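Undergrad: Model the following, please.
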Amino acid sequence: MDATAKPKKRKSGIPTGNAGEYFVMGELLRQGYDAQLADRNTAGYDLLVGRHRDTALTKVQVKTVRSQPWYVRQSQFEGDMISQITIYVLLGNEDAQQPVRYFIARNSAVAGQMSTPKNWDTAAFMSLKTLAPFEGRWDVLDSQETIQLRRPRVGSVKERCFDIYLRQGEKAATRLAVAQGIKQASVRR
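TA: Next up is the predicted model:
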């Protein structure tokens, strides 16, 4: 290697992310959805999506790459974020020889299926193999899947764990449950 050669500068991911959001917007509008981009610095979602008949819009996260895997935050798969819909976009190379691919999944459907390298506490990778069953599944946006939670007896330690689960997520509730000697939370889907 030439001693004067500079290391190759890594490209910014911002244009790729923006492209993915706009591709998703176009596809949603083409399929009859109402969709709008969230403000640039909105935490937790990129688009608001719904049908004309809907009284509320759904918050949707968009993750875009040129080549798989997708980089994800583990916190997207716990607590309130578990029911969020994420659209994973595979743009392909800049030569645009392959069509854009879309994978639409609720976070709960792919939770626990990501790869986490050693020493990574907050991030992970989502593979194409994991997302393959969700390719073109725009119908996920129309589903009204809900998670039913059974509330424990009022005033009990389990109720405190349940409330923490709703507000702070599973990890925080598990820590309290373990500290209080509870072996299993009373949560069902």
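Undergrad: wait, doesn't S115 sit right on L128?
TA: No: with contacts counted by C-beta atoms under 8 Å, S115 stays clear of L128, the gap being 11.7 Å. Bear in mind the C-beta positions are built from the backbone N, C-alpha and C, glycine included.
Undergrad: any common contacting residues for the two?
TA: Common neighbours of S115 and L128, counting by C-beta atoms under 8 Å, 6 or more residues apart in numbering, are P69.
Undergrad: And those two? Which one has more around it.
TA: A side-by-side neighbour count of S115 and L128, using other C-beta atoms under 10 Å, places L128 first with 16 against 12.
Undergrad: Was I right to think that one contacts Q68?
TA: Yes: the criterion here is C-beta under 8 Å, and L128 meets it with Q68 at 4.1 Å.
Undergrad: Identify the single longest strand in the protein, thanks.
TA: Using DSSP state E to assign secondary structure, the strand with the most residues in the chain is strand 58-65.
Undergrad: which helices and strands does that one pack with?
TA: Contacts defined by 3 or more C-beta pairs under 8 Å, 6 or more residues apart in numbering; DSSP states H and E place strand 58-65 against helix 14-30, strand 47-50, strand 70-73, strand 85-90.
Undergrad: And the helices in this protein?
TA: Here the chain has its helices, by DSSP state H, at 14-30, 107-110, 128-131, 157-168, 170-180.
Undergrad: Lowest average pLDDT across those?
TA: Lowest mean pLDDT within these: helix 157-168, at a mean of 57.
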